[in-house]
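Asker: Just a sequence and a predicted model for now, questions to come.
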Amino acid sequence: MSNKNNEIIEQLQQQLRENAEGKLDQAKPIALPFTNTTELLHELRVHEIELEMQNEELRRAQLALEESRDRYVDLYEFAPVGYLTLNLDGIITEINLTAATLLGVERVKLTRQRFAVYITAEDRERWYHHFLHIKQQGGKHQCELNLLRADGSPLYAHIDCLRIDSNDTLPVLRLTITDITARKQIEDALQASEARLTAILDGSELSTWDWNIQTGDCSFDERWTDICGYPLEEIEPHITFWKQSVFPNDLPCVQKALAAHLDGYTPFFTVEYRIRNKSGALLWVMDRGKVIERDTEGNALRMTGVVMNITQRKRIEQRLRIAAAAFETQAGIIITDEQQFIISSNQAFTHITGYSAREIIGHTPSFLRSGLHDEIFFQSIWAAIERDGYWQGEIWDKHKNGTIFPVWLTITSVIDTDDLVTHYVGSFTDITAQKEAEKVLLDARERLENQVASTQEELEKIREDSTKINTTLNVLLRHREADKCDAQNALSREVEGTVLPFLKRLKGANNDKNQTRLINILEDNLQQLVKFYGRDTSLSSVYQKLTPAEIQVASMVRQGLSTKLIATVLCLSPGTVGIHRKHIRKKLELDSQAINLYSYLTSLSE
């Protein structure tokens, strides 16, 4: 710095001497009031000292001014922000090195250029409005613009603008340019990260929450409304609202896990519990959070986390547990891939076939073939599976020990969303005991059928004999009835033709009262006898319309026997007796009359 100052002083002295000599040459001679040389030299010496002192002060002032100018030039040129001066036409009149560096252009090429040239097309219109506002209204304003460097790379800048008005010069605009590219990139990255996080949360149906542990205030996002069913305006932003939504039976477990994390015993708060939504339905949720702020003593101050609706997952887990339990049933189960290679089996399969899962995985089920079925049989099975999606039926398999046994097999194909087969599931049960029971039943049935056939033959023979006997009895009955009718008719004719007329003649003779009374009694009895025999004739005439079987049924009905008893006596079914009764009513023309068959038949003999 001292060498530089010396150079400046020497330059100033040289310039001052040159200026003084020039003044002296131009000056006119003047008369001096001094009379002697001594006074003159003294006076000159004094003026010389005065001038030297003035020059020294001037040199010091000039040096301070130069140092100040250099200092402010450095501050201006190398400031962390860019400085520009624009006239009212928007043309750059001054620019510092920082601004030139930011724009990536040499400073000499920037002066007399419009500042708008370096603004991207998207922001140029906004700059024009901003520039016009400052130009007309004055004052200090600021904005953010996207500038374009000379190499085409973007420059995000914060612009501060100030209009300067002066009496000596035209108004100008002072601009400062602050490079905020890094901040913008961070903001853009944060926005992109926030957008990705929002998309992830939306896609994963995660709801976020933020809990001020000291005040109890708890904020929820909009996804919480989808879970609890309450709109945001109905959700109280306090931890009590969350506690009230937790299912009471699950609250102790949740509070225990929460306390363990708040006390620092667990790195995260993770728990699954049930909540009751606005409609009253119970939903399963998974809650996971972490304390993000503690005081100096380690007390939790703030905690954030996410909640996810896992109701569907819980239902799937329940179905899987049921499926797992069903998989380990008494039925043997194997699962194969689409190429029919076994990938899984249950314990029942091992119990039935003797093969462990380790022995069969990676193989096809062909080792179970017993040899009793040909290839056409298996081709028909797979044709049915391809057509219908399943097949079931009886098949004979071979045990690991070589024995052959029957099973009832069901094969089902598993289809994905593209209707492509991904797996086959085979389920079978050993039906050896069933087959043995069937054999016993078949043998018993065969013996029973033979016994029934033999019994039927005997019954048929008895029926034939009974028919013959019944026919003979019917013929005898008809002859008996005919002889009875003939005898009754002959007796009636004899009584009416001989006895009754004789009694009338006796009544006409002179008899005493006792004889006449006896004759009258005898006459009345004979008339009753004739009358009775005449009605029997009507009953015999009725029976002549019926078949022998119907005559037997009619006679028993007339005797007051029930249908069941008649069936037992005649070795018939009650239904057959009923049919005979219908035929009897039809032949006696009683179908249209509301009269009892028993009453009608007994009336014929009265």
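Answerer: Okay, I see it.

Asker: The residue most central in space within the chain: which element?
Answerer: Computing the C-alpha centroid of the chain and ranking residues by C-alpha atoms, centre = their mean puts residue 312 first, at 5.9 Å. Per DSSP states H and E: residue 312 is located in helix 311-327.

Asker: Tell me the helix or strand right after that helix.
Answerer: With secondary structure assigned by DSSP H and E, helix 311-327 is succeeded by strand 332-337.

Asker: Other residues contacting that next one?
Answerer: Outside strand 332-337, the residues within contact range by C-beta atoms under 8 Å, 6 or more residues apart in numbering are 327, 342-346, 348-349, 351-353, 360, 364-365, 407, 422-430. C-betas here are computed from N, CA, C, even on glycine.

Asker: Now do the strands in the stretch 101-250 of the chain.
Answerer: Counting by DSSP state E, counting those that start in this stretch, the stretch 101-250 of the chain has strands at residues 140-148, 154-164, 172-179, 206-212, 218-220.

Asker: Show me how far the first one is from its chain's centre.
Answerer: Relative to the chain's own centre, strand 140-148 is displaced by 52 Å; criterion: C-alpha atoms, centre = their mean, to the nearest Å.

Asker: With stretch 297-308 instead?
Answerer: Relative to the centre of its chain, stretch 297-308 is centred 32 Å away, using C-alpha atoms, centre = their mean.

Asker: and that stretch, which residues are buried?
Answerer: 300, 303, 305-308 (16 or more other C-beta atoms under 10 Å).

Asker: nearest to residue 155, of the residues you listed?
Answerer: Set against residue 155, the nearest of the buried residues of stretch 297-308 by C-beta to C-beta is residue 306 (38.7 Å).

Asker: Surely the closest one and residue 289 touch.
Answerer: Yes: assessed by C-beta atoms under 8 Å, residue 306 is found in contact with residue 289 at 7.3 Å.

Asker: Now for the two: what residues contact both?
Answerer: With C-beta under 8 Å, 6+ apart, residue 306 and residue 289 have common neighbours residue 209.

Asker: What degree of burial does residue 338 show, as a neighbour count?
Answerer: 12 (other C-beta atoms under 10 Å).

Asker: any idea how far it is from residue 420?
Answerer: Plainly put, residue 338 is 8 Å away from residue 420 if you go by C-beta to C-beta, to the nearest Å.

Asker: Domain map for this protein?
Answerer: Using automatic domain parsing, the domain parsing of the chain gives 2-75, 78-186, 205-316, 328-430, 440-531, 545-606.

Asker: Tabulate these (TSV), appending distance to residue 196.
Answerer: Formatted as TSV, the domains of the chain follow (distance: least, C-beta to C-beta, whole Å):
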stretch	distance to residue 196
domain 2-75	43
domain 78-186	15
domain 205-316	13
domain 328-430	28
domain 440-531	72
domain 545-606	87
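
Asker: for those domains, which one sits closest to residue 192?
Answerer: Nearest of those (C-beta to C-beta): domain 78-186, 10.2 Å.

Asker: Point out the ones among the contacts of strand 332-337 that are inside strands.
Answerer: Those of those mapping onto strands are 342-345, 407, 422-430, per DSSP state E.

Asker: Which one of those is nearest to residue 600?
Answerer: Nearest member of those to residue 600, counting by C-beta to C-beta, is residue 429, at 66.0 Å.

Asker: what mean pLDDT would you report for the helix or strand residue 56 falls within?
Answerer: Element membership for residue 56 (DSSP H and E) is helix 37-77. When pLDDT is averaged over helix 37-77, the result is 68.

Asker: any idea which helix or strand comes after it?
Answerer: With DSSP H and E, the next secondary element past helix 37-77 is strand 82-86.

Asker: Give me the helices and strands touching the helix or strand following that following strand, please.
Answerer: Following strand 82-86 in sequence order, the next helix or strand is strand 92-95 (DSSP H and E). Counting contacts by 3 or more C-beta pairs under 8 Å, 6 or more residues apart in numbering; DSSP states H and E, strand 92-95 packs against strand 82-86, helix 107-110.

Asker: now for those, which one comes closest to residue 207?
Answerer: Nearest of these (C-beta to C-beta): strand 82-86, 46.3 Å.

Asker: which residues are contacting the closest one?
Answerer: 76, 92-96, 98-103, 115, 157, 172-179.

Asker: Pop out the phi and psi values for residue 390.
Answerer: phi -160, psi 170 (degrees, to the nearest 10).

Asker: circling back: what is the helix holding residue 312 packed up against?
Answerer: Using 3+ C-beta pairs under 8 Å, 6+ apart: helix 311-327 touches strand 282-294.

Asker: could you give the angle of the helix or strand that the strand it packs on is followed by to strand 206-212?
Answerer: Later in the chain than strand 282-294, the nearest helix or strand by DSSP H and E is strand 300-309. Taking axes from the mean of the first three to the mean of the last three C-alpha atoms, to 10 degrees, one finds strand 300-309 and strand 206-212 inclined to each other by 160 degrees.

Asker: Could you list the paired strands of strand 300-309 along with their orientation?
Answerer: strand 206-212 (antiparallel), strand 282-294 (antiparallel) (DSSP bridges).

Asker: Pick the most buried one from these.
Answerer: Highest mean neighbour count among the strands paired with strand 300-309 (mean count of other C-beta atoms under 10 Å): strand 206-212, with a mean of 19.

Asker: tell me the mean pLDDT over that strand?
Answerer: The average pLDDT for strand 206-212 rounds to 90.

Asker: do stretch 398-418 as well
Answerer: 91.

Asker: Narrow the ones in strands among the contacts of strand 332-337 to those that are buried.
Answerer: Going by neighbour count (16+ other C-beta under 10 Å), the ones in strands among the contacts of strand 332-337 have 342, 345, 407, 423-430 buried.

Asker: Which two among those residues are spaced furthest apart?
Answerer: Greatest spacing in these, by C-beta to C-beta: 423 and 430 (23.5 Å).

Asker: Need the contact partners of stretch 577-596.
Answerer: With C-beta under 8 Å, 6+ apart as the criterion, stretch 577-596 contacts 542, 545-547, 549-550, 553-554, 557, 563, 566-567, 570, 597, 600.

Asker: Narrow the residues you listed to those that are buried.
Answerer: 542, 546, 549-550, 553-554, 557, 563, 566-567, 570, 597, 600.

Asker: Next, the buried residues of stretch 568-578.
Answerer: 570, 572, 576-577.

Asker: If you could redo that for stretch 344-360, that was the one I meant.
Answerer: Those would be 345-346, 348-350, 352-353, 355, 360, for stretch 344-360 by 16+ other C-beta under 10 Å.

Asker: one step back: can you tell me which of the strands of the stretch 101-250 of the chain comes nearest to residue 500?
Answerer: strand 206-212 (124.3 Å).

Asker: Distance from that closest one to the middle of the chain?
Answerer: Worked out by C-alpha atoms, centre = their mean, strand 206-212 lies 25 Å from the chain centre.
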